[in-house]
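Novice: sequence and computational prediction follow.
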Amino acid sequence: MALLVSLLLAVALGWLAQRTGLCMVRAVQGIRMWRPGLLLTIVGCGVWFWLASPLFIHFPLGEVLRRHAIGWPFAVGGLLFGLAAAVNHGCSISTLSALARGQWHMLATILGWVLGWWMLYLGAPDISYTRLATIFTPAWWLVLSIVAVSLLAIWRLSPAHRRIYAGVMVFGAVGGLLGVLEPLWSPSQLIRDVTERPLAMDMAVAWPSLGRVLISVAILAGMLVAARAHFRPGEYQGSLGRWVKHLLAGIVMGIGASLALGGNDLQLLIALPAGSPGAVVALICMIAGIWIGLAIEERWERRQDQD
């Protein structure tokens, strides 16, 4: 029964991600044009995780809601991930959404994730992280107050913006419920675990469960259903240079996500709700990296136009 509910939530999650255009790169672009609403809504997604907190007593989440002290890997990893996401024109979730719309060059990004994870796994020295005590549930009045303020803010928006921002907040709520049933629901985390498993020297490390695989398939199915009216693969056929660009961006994204213990999806919906100081640093650096990457790209395009 839990798996069936998880699959239904996963389909809804993929559908919402596609229909709302959920993307941290897009949100940072909004900030650069003095429109911070989308980024604030995305960052607030994690709050909705705590609406499911009464269910926590039934699920062993102590090993999932990990909190880590601030350290250089979160800053460096977040910055690298953000810079590469700007080049890729998509974060962890929106890369998959773009692929579902027929942007096949995002396959190069995903391959880059794998290569980046392998490179860090095989070539980097042991990196230590300071684990902090787990905090389970914030005060109910705080959670409900934040939710109430968020709903009021959305209500005051124009109908067009209201639909998008409300969809992002529902995405956070659905992601929170799914995170209770299967905390490691992220397709990017599944790809990482599958590709790193053959490299693990400790054979006691298990392969990801069938349930996690089915959840990732369900998320992609939801994205495909939502994208059916916009599936135009012929429009996205890129040159070899474009594929190489996305491959290199994916490699750096993979290295950054490994250093920061997760891409923006896990940071927003798992680590940040857990109250991890490391996640706060990682997200700030991701946003800064995206900003810098977009600024560099904009300046480069202006120079090309002048030439």
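Specialist: Thanks, I have the structure now.
Novice: average pLDDT for stretch 208-215?
Specialist: The average pLDDT within stretch 208-215 is 90.
Novice: any idea how many residues pack against residue 299?
Specialist: 10 (other CB atoms under 10 Å). Quick note: C-beta positions are derived from backbone N, CA and C, even for glycine.
Novice: helix or strand: which one has it?
Specialist: Using DSSP states H and E, residue 299 sits in helix 277-306.
Novice: who are the packing partners of that helix?
Specialist: helix 24-32, strand 67-68, helix 72-88 (3 or more CB pairs under 8 Å, 6 or more residues apart in numbering; DSSP states H and E).
Novice: what residues of it count as buried?
Specialist: Across helix 277-306, burial judged by 16 or more other CB atoms under 10 Å covers 277-283, 285-291, 293-294.
Novice: just want the angle from it to helix 24-32.
Specialist: 70 degrees (axes from the mean of the first three to the mean of the last three CA atoms, to 10 degrees).
Novice: and the angle for helix 277-306 with helix 72-88?
Specialist: 30 degrees.
Novice: and helix 277-306, average pLDDT?
Specialist: Rounded mean pLDDT across helix 277-306 is 90.
Novice: save the helices and strands packed on helix 277-306 as JSON lines, and put in mean pLDDT, distance to residue 109 and mean neighbour count too.
Specialist: Listed next are those as JSON lines, based on pLDDT from 0 to 100; distance: least, CB to CB, whole Å; neighbours: other CB atoms under 10 Å:
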{"stretch": "helix 24-32", "mean pLDDT": "90", "distance to residue 109": "12", "mean neighbour count": "20"}
{"stretch": "strand 67-68", "mean pLDDT": "89", "distance to residue 109": "26", "mean neighbour count": "19"}
{"stretch": "helix 72-88", "mean pLDDT": "96", "distance to residue 109": "5", "mean neighbour count": "25"}
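Novice: how about JSON lines for these, with distance to residue 159 added?
Specialist: Listed next are the helices and strands packed on helix 277-306 as JSON lines, based on distance: least, CB to CB, whole Å:
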{"stretch": "helix 24-32", "distance to residue 159": "18"}
{"stretch": "strand 67-68", "distance to residue 159": "39"}
{"stretch": "helix 72-88", "distance to residue 159": "30"}
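Novice: can you check which of these gets nearest to residue 105?
Specialist: helix 72-88 (9.5 Å; CB to CB).
Novice: mind giving me the packing neighbours of the closest one?
Specialist: Counting by 3+ CB pairs under 8 Å, 6+ apart, helix 72-88 packs on helix 24-32, helix 240-259, helix 277-306.
Novice: let me have those helices in JSON lines, extended by distance to residue 104.
Specialist: Formatted as JSON lines, the helices and strands packed on helix 72-88 follow (distance: least, CB to CB, whole Å):
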{"stretch": "helix 24-32", "distance to residue 104": "19"}
{"stretch": "helix 240-259", "distance to residue 104": "9"}
{"stretch": "helix 277-306", "distance to residue 104": "22"}
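Novice: I am finished for the moment; much appreciated.
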